[in-house]
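Colleague: No letters, just coordinates:
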């Protein structure tokens, strides 16, 4: 997928172009500097006023991530925009954290500082001086290495953070706290009074320690088509981890390449075919995530069929819901040529169709996106019990195709119930088997992406239900739940004790200017103190 930087740059360029067409520049030559860089700064200031932690009012701090590598042409407009922005807001209103890799070379185990020295030198040549260095390394930095980096990068030694490998990612905030990073950041932003309010006890005990102490294993098979790059499913993986933490289960995730479940693979790749089916059959639960294109779709349909017929807990997301519908139409309704128009435009029995309001000519920026209401059709459905809502749920979407509404009556008559629909009642959002939860332990699929709203300490209800069913704990969990409560007028995300990092009264907003990887040697994080006026 294109990185965020490309999208933001495109939006800023479009904004500049519209201004030029209106005559806002009075015939001046439109250039990257200052017009594009000004548009980037305007975008930062706009999103800096949008809270992301569920609190009201203007945020105190905006966290900006500029990914990529310093010196690359792709990030140069953003680096220049941040340089100008830093100059405009002045001292005490921006804190720059530079993330860099400190590799260990050879059997001697020497930690090498040259990559960090070089990246900081390039960053400084572009007009940005880091306030903190976050040094990634497999082991803690030696004190001599820390002092060397401080000397050559012109950063105080106490501001050189060692970000070594830890048992789980939720220990990173604890690692930063132990090195007083929060105090340095808040002092730089002239917000020192918040530093004393930091309480990480709940985060440590309920999240970091809890994850390390999980013992009971639940085996989940994820049937996808991008399994060579696990980051493609990162949101799904995190949602599974959040659900396992809430359920008290240790996640064992097995990747199943969907195309190797198909009959053709038995002849062409017999070993991969056998291994894929072995992994699928060994799973406590089967998850089919979203995706695009027809490669591996028949394998996903087979995975949905296996889970349905063998009463294995199944969770389908986006395309995972669509293949569940296709499978049911083929094998229960007997419509053998049922298919999606995405994969077979000429199918005589489309179970999944292109949404009529979406452009068929443009692929970019034409999907049904964002948070939308899904109206629950029954208070007794499994989804309502998991969400504890009786009217609707709010979840985020990202799709172009939908279940064919003309086939819905046949599907529901045969036992595949659409328990969630959009506000028009024409677009299917959530599907369950009629006998849930008594006969099939869990067979639920959603057109939306519940993983996008999952958080540590606040697991997605569908993911939690899926993990509990896979661990054979769902029924006991449901019996302890109260009757679903009326949905409020809105369902904003509110910080919970387990998700808050304890900075009482400090509100945040955030933006990403480019994608990055965990081992990038030149990722910058800028924390901008928002205006209260």
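Modeller: Alright, I've got the coordinates. These numbers come from a predicted model, not from an experiment. Numbering: from 1, shown residues only.

Colleague: Just the buried residues of the helix or strand encompassing residue 122, please?
Modeller: Assigned by DSSP states H and E, residue 122 falls within helix 114-125. Within helix 114-125, the residues that count as buried by 16 or more other C-beta atoms under 10 Å are 116-120, 123. Backbone N, C-alpha and C define where each C-beta goes, glycine included.

Colleague: What of stretch 144-161?
Modeller: 145-146, 148-150, 153, 155, 159-161.

Colleague: Turn these into a markdown table, columns for secondary structure and pLDDT.
Modeller: As requested, the buried residues of stretch 144-161 are exported to a markdown table (DSSP: H, G, I helix; E, B strand; the rest coil; pLDDT from 0 to 100):
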| residue | secondary structure | pLDDT |
| --- | --- | --- |
| 145 | helix | 96 |
| 146 | helix | 96 |
| 148 | helix | 97 |
| 149 | helix | 97 |
| 150 | helix | 97 |
| 153 | helix | 96 |
| 155 | coil | 96 |
| 159 | helix | 97 |
| 160 | strand | 97 |
| 161 | strand | 97 |
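
Colleague: Residue 255: which of those residues is nearest?
Modeller: Minimum distance to residue 255 across those is 33.3 Å, recorded for residue 161 (C-beta to C-beta).

Colleague: What separation do you get for the closest one and residue 281?
Modeller: Shown here: residue 161 relative to residue 281, a distance of 46 Å by C-beta to C-beta, to the nearest Å.

Colleague: can you check residue 46 too?
Modeller: Distance from residue 46 to residue 281, by C-beta to C-beta: 51 Å.

Colleague: Low-confidence ranges, the protein, go.
Modeller: The chain contains residues with pLDDT under 70 at 1-10, 356-366, 436-438, 482-533.

Colleague: ok now do the residue nearest the centre of it, which residues does it touch?
Modeller: The geometric centre of the chain, computed from its C-alpha atoms, lies nearest to residue 235 (C-alpha atoms, centre = their mean), at 3.6 Å. Residue 235 makes contact with 449, 451-452, 454, according to C-beta atoms under 8 Å, 6 or more residues apart in numbering.

Colleague: got the contact list for the helix holding residue 122?
Modeller: 69-71, 79, 98, 100-103, 129-130, 133, 135, 149, 152-155, 521-522, 524.

Colleague: could you redo the last one with a cut-off of 7 Å?
Modeller: Applying C-beta atoms under 7 Å, 6 or more residues apart in numbering, the external contacts of helix 114-125 come out as 70-71, 98, 100-103, 130, 133, 135, 149, 152-153, 521-522.

Colleague: Give the next helix or strand downstream of that helix.
Modeller: Following helix 114-125 in sequence order, the next helix or strand is strand 132-137 (DSSP H and E).

Colleague: name the helices or strands packed onto that next one?
Modeller: strand 94-101, helix 143-153, strand 160-164 (3 or more C-beta pairs under 7 Å, 6 or more residues apart in numbering; DSSP states H and E).

Colleague: Ok, which of these comes nearest residue 334?
Modeller: When those are compared by C-beta to C-beta, strand 94-101 sits nearest residue 334, at 56.5 Å.

Colleague: Partner strands of the next helix or strand after that closest one, with direction?
Modeller: Later in the chain than strand 94-101, the nearest helix or strand by DSSP H and E is strand 104-105. With DSSP bridges as the test, strand 104-105 is paired with strand 110-111 (antiparallel).

Colleague: and of the contacts of helix 114-125, the nearest to residue 244?
Modeller: Using C-beta to C-beta, the contacts of helix 114-125 come closest to residue 244 at residue 101, 29.8 Å.

Colleague: From what I see, that closest one and residue 138 are in contact.
Modeller: No: applying C-beta atoms under 7 Å, one finds residue 101 not in contact with residue 138, separated by 10.1 Å.

Colleague: if you count what's nearby, which of the two comes out ahead?
Modeller: The neighbour count for residue 101 versus residue 138, taken as other C-beta atoms under 10 Å, is higher for residue 101 (18 against 11).

Colleague: and that one, bridged to which residues?
Modeller: Bridge pairing for residue 101 - DSSP bridges - gives residue 136.

Colleague: Spell out the residue ranges of the helices in the stretch 151-300 of the chain.
Modeller: Ranges of helices in the stretch 151-300 of the chain, per DSSP state H, counting those that start in this stretch, are 172-178, 181-188, 201-203, 209-212, 234-247, 263-268, 270-281, 297-309.

Colleague: Can you convert the ones you listed into CSV and add a column each for distance to residue 32?
Modeller: Converted to CSV, these look like this (distance: least, C-beta to C-beta, whole Å):
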stretch, distance to residue 32
helix 172-178, 35
helix 181-188, 29
helix 201-203, 42
helix 209-212, 45
helix 234-247, 32
helix 263-268, 49
helix 270-281, 48
helix 297-309, 43
